[in-house]
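Visitor: Structure of the sequence below:
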Amino acid sequence: MAGTGLVAGEVVVDALPYFDQGYEAPGVREAAAALVEEETRRYRPTKNYLSYLTAPDYSAFETDIMRNEFERLAARQPIELLSMKRYELPAPSSGQKNDITAWQECVNNSMAQLEHQAVRIENLELMSQHGCNAWKVYNENLVHMIEHAQKELQKLRKHIQDLNWQRKNMQLSAGSKLREMESKKSYHETVDDSLTIIRNNADSSRDDSEVRSTGCFSKVGYPW
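Guide: Next up is the predicted model:
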């Protein structure tokens with residue numbers, strides 16, 4: 001049955017899967033496969049069948065770091081190893097033993113390394129004091145999020161189940177009405193029966209008129 005407000009050529013297939021029978025009957029699956037194959041033969045998409053869509057922008061979310069990494073992968077270059085030079089503490093070379101500038105750079109590097117270690121110690125102390133509670137709060141938040149997601153999932157499943165039950169009840173009701181209508185006489189059969197009755201009545205009236213005109217009823221004791 002063609003639906004209203006549809007694109008030209010589209011058809012709404014009215015099916016009652018909860019009521020209809022015979023899907024597993026021999027030949028049904030083959031017939032459906034034949035219809036699908038026929039449709040695929042008639043539908044021959046061209047190379048530009050997506051021309052009505054806008055061109056995709058694959059680099060919309062790329063950053064410079066991502067772009068450089070993609071280029072490295074495309075060139076099959078090995079990944080650059082993490083440089084540990086900033087954590088080294090080299091002494092001045094043998095040729096710079098008397099160079100004050102070289103020693104000053106070494107001292108500055110030592111101070112930077114010492115400050116870095118001091119910051120690491122402070123972070124460890126903060127984590128030892130507050131890390132446990134922070135993880136507990138984080139885990140509690142995760143538990144609340146999981147419980148909320150599970151409740152939403154249960155609501156969605158219940159909605160799906162209610163919808164399926166509603167569809168099943170509607171289809172069973174429609175199927176019962178269809179079966180009741182099929183069990184009754186069709187419209188054409190009813191019209192034919194009515195015409196037959198009218199014709200028989202007309203024949204009976206004509207015969208009655210002929211009998212009256214000939215006076216045959218008086219022979220059998222009728223009052224005419």
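
Visitor: could you point out the longest helix in this structure?
Guide: helix 100-183 (DSSP state H).

Visitor: what mean pLDDT does the next helix or strand after that helix have?
Guide: Downstream of helix 100-183, the next assigned helix or strand under DSSP states H and E is helix 187-214. Here helix 187-214 scores 75 as its mean pLDDT.

Visitor: same check, this time on stretch 42-62
Guide: On average, stretch 42-62 scores 82.

Visitor: Can you list the low-confidence ranges for this protein?
Guide: For the chain, applying pLDDT under 70 flags the ranges 1-14, 185-188, 208, 210-224.

Visitor: Quickly note the distance from the most centrally placed residue in it to P17.
Guide: Residue closest to the average C-alpha location in the chain (C-alpha atoms, centre = their mean): I160, at 13.1 Å. Going from I160 to P17 by C-beta to C-beta, to the nearest Å gives 16 Å. For every residue, glycine as well, the C-beta is placed using N, CA and C.

Visitor: now T196
Guide: 40 Å.

Visitor: With Y87 instead?
Guide: 68 Å.

Visitor: One more: Q77?
Guide: From Q77 to P17 the distance is 57 Å (C-beta to C-beta).

Visitor: what do you get for H148?
Guide: From H148 to P17 the distance is 35 Å (C-beta to C-beta).

Visitor: And for E38?
Guide: Counting by C-beta to C-beta, the gap from E38 to P17 is 22 Å.

Visitor: follow-up on the earlier one: what helices and strands are in contact with the longest helix of the chain?
Guide: Contacts defined by 3 or more C-beta pairs under 8 Å, 6 or more residues apart in numbering; DSSP states H and E place helix 100-183 against no helix or strand at all.

Visitor: next helix or strand past the helix or strand hosting R41?
Guide: Element membership of R41, judged by DSSP H and E, is helix 28-42. Sequence-wise, the next helix or strand downstream of helix 28-42 (DSSP H and E) is helix 64-74.

Visitor: Give me the contacts around that next one.
Guide: S59, E62, I79 (C-beta atoms under 8 Å, 6 or more residues apart in numbering).

Visitor: Of those residues, which is the most crowded?
Guide: E62 (13 neighbours; other C-beta atoms under 10 Å).

Visitor: In contact with that one, which residues?
Guide: Contacts of E62 were listed using C-beta under 8 Å, 6+ apart, and they are F70.

Visitor: for P26, phi and psi?
Guide: Main-chain dihedrals, P26, degrees, to the nearest 10: phi -60, psi 130.
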